[in-house]
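Visitor: sequence unknown, structure follows:
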């Protein structure tokens, strides 16, 4: 058979596959393929991760002392903050009981593992090993341990799903500073970072402020940690001020996450 | 012939698993993970017939779509395009004998062209109303230089293993 006939046949099969994908009929094949590849690469991933950990340790040897000092200080501050929150929680519960409010139920959590990042997707699409059979739905929020919002589910198959990171340009989150002084919108910037936009000039933001989800609009639960305000960007004659947000975790180092069921 | 294609597919699949595992483990440094499936397609395009290159690139593209965040088909189309281009370049412009200089040129060109191929096919899907508009800047960064270097380092192991198995 002439080589160009092969190309034509390949093109026809390609076109058919695109149509099958758009109609959703290819989903079981894609899902099965992901599960199979995830299973087969398991031992290799374990080996490569141990190599990566050794390289990380070697690379960070020089910073260990300084990091240890920073972490010890942070642990002390967090312990003090935790005890303040515990008092607040007790008081909150008592007030709710007194006013006979309905108790807020904690959202269900689905633990999931990151299978792989798409290296060609600058926005950062990640494939997870949980899907609709496990209760995952599109637009579910994805958090890392510590109630840190890291992404949102974009597509769901029976056994796997894909999420976009919060730094994706497709993601917009209603946010506020933890002290409630400023309300705005956190937007992903093409996988490179986060910006805190549409903050009124009458509201105060400063470097180091913790940014959390505000819960407005209902897309994301409130008080999920996003990161800290970094650089305040000069606004000049613009109506609103904006700042960069340093994400709370290294989004590329995610291995285990939790999907919040709505 | 079926048996021959089966062995080609197994060869490709093994490198695909290796690349996927490396991406899973070294996600923070994904730009230094070599694009092993692309290197396999490069070797096949240079050493095999056009038909074999096209079908193998089809398989590589389909496997690439499993974890792709782009519209389905963009990676598949990019792989087929690369295979056809590499095949014609190695028959008309550059030697097929995998000398160091020609290998380096082909590897560098493939690494640079592959994201462009994905961008162009996504653009076609956008024009057809199937996908969102792609931005070329989303597919390229300065770190592609490190990816080129990683591909250059791993190119010869792929060639050597291919020659051992299929010569």
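Guide: Alright, I've got the coordinates. Quantities reported herein were computed from a predicted structural model and do not represent experimental measurements. Numbering: from 1, shown residues only, chains lettered A, B, ... in the order given.
Visitor: rest of the way, CA atoms for contacts and neighbours
Guide: OK.
Visitor: helix or strand: which one has residue A:245?
Guide: strand A:240-247 (DSSP states H and E).
Visitor: who does that strand touch, helix- and strand-wise?
Guide: strand A:194-200, strand A:225-233 (3 or more Cα pairs under 8 Å, 6 or more residues apart in numbering or on different chains; DSSP states H and E).
Visitor: now the ones you listed in CSV, with distance to residue B:72 and mean pLDDT?
Guide: As requested, these are exported to CSV (distance: least, Cα to Cα, whole Å; pLDDT from 0 to 100):
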stretch, distance to residue B:72, mean pLDDT
strand A:194-200, 27, 92
strand A:225-233, 31, 92
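Visitor: could I get the ones you listed as JSON lines with mean neighbour count and distance to residue B:106?
Guide: As requested, these are exported to JSON lines (neighbours: other Cα atoms under 10 Å in any protein chain shown; distance: least, Cα to Cα, whole Å):
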{"stretch": "strand A:194-200", "mean neighbour count": "22", "distance to residue B:106": "37"}
{"stretch": "strand A:225-233", "mean neighbour count": "20", "distance to residue B:106": "42"}
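Visitor: closest to residue A:80 out of those?
Guide: In terms of Cα to Cα, the element of the helices and strands packed on strand A:240-247 nearest to residue A:80 is strand A:225-233, at 18.2 Å.
Visitor: identify all contacting residues around that closest one.
Guide: A:147-150, A:196, A:205-213, A:241-249 (Cα atoms under 8 Å, 6 or more residues apart in numbering or on different chains).
Visitor: try 7 Å this time
Guide: The contact list for strand A:225-233, computed with Cα atoms under 7 Å, 6 or more residues apart in numbering or on different chains, reads A:147-149, A:206-213, A:242-248.
Visitor: buried among those residues? Make that a ChimeraX selection.
Guide: Per 16 or more other Cα atoms under 10 Å in any protein chain shown, the buried members of the contacts of strand A:225-233 correspond to this ChimeraX selection:
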select /A:148,149,209,210,211,212,213,242,243,244,245,246,247,248
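Visitor: before we move on, what SS does the residue of the stretch 51-200 of chain A found nearest chain B have?
Guide: Per Cα to the nearest Cα, residue A:116 is where the stretch 51-200 of chain A lies closest to chain B, at 4.6 Å. Here residue A:116 takes the strand state, with states given by DSSP: H, G, I helix; E, B strand; the rest coil.
Visitor: for the one 10 residues further on, same thing?
Guide: Here residue A:126 takes the strand state, with states given by three-state DSSP.
Visitor: what about it, how many residues nearby?
Guide: For residue A:126, the count of nearby residues is 25 (other Cα atoms under 10 Å in any protein chain shown).
Visitor: neighbours of residue A:223, how many?
Guide: Quick note: residue A:223 (other Cα under 10 Å) scores 18 neighbours.
Visitor: nearest residue to the middle of chain A?
Guide: residue A:150 (1.5 Å; Cα atoms, centre = their mean).
Visitor: and the strand or helix carrying that residue, anywhere near chain B?
Guide: Here residue A:150 sits within strand A:148-156, counting by DSSP H and E. No - Strand A:148-156 does not reach chain B (Cα under 7 Å from any Cα of the partner chain); its nearest approach is 9.6 Å.
Visitor: between that strand and strand A:240-247, how big is the angle?
Guide: 90 degrees (axes from the mean of the first three to the mean of the last three Cα atoms, to 10 degrees).
Visitor: for residue A:37, grab the count of nearby residues.
Guide: 19.
Visitor: ok, the residue nearest to residue A:108 when sequence neighbours are not counted - how many residues close by?
Guide: Leaving aside its chain neighbours, residue A:108 sits nearest to residue A:261 (5.2 Å; criterion: Cα to Cα, 6 or more residues apart in numbering or on different chains). Burial measure for residue A:261: 16 neighbouring residues, criterion other Cα under 10 Å.
Visitor: list the contacts of residue A:261.
Guide: Residues near residue A:261 by Cα under 7 Å, 6+ apart: A:107, A:108, A:109, A:136, A:140.
Visitor: relative to residue A:140, how far out is it?
Guide: 6 Å (Cα to Cα, to the nearest Å).
Visitor: max-length helix in chain A?
Guide: Determined from DSSP state H, the single longest helix within chain A is helix A:64-99.
Visitor: against chain B, how distant is residue A:21?
Guide: According to Cα to the nearest Cα, to the nearest Å, residue A:21 and chain B sit 7 Å apart.
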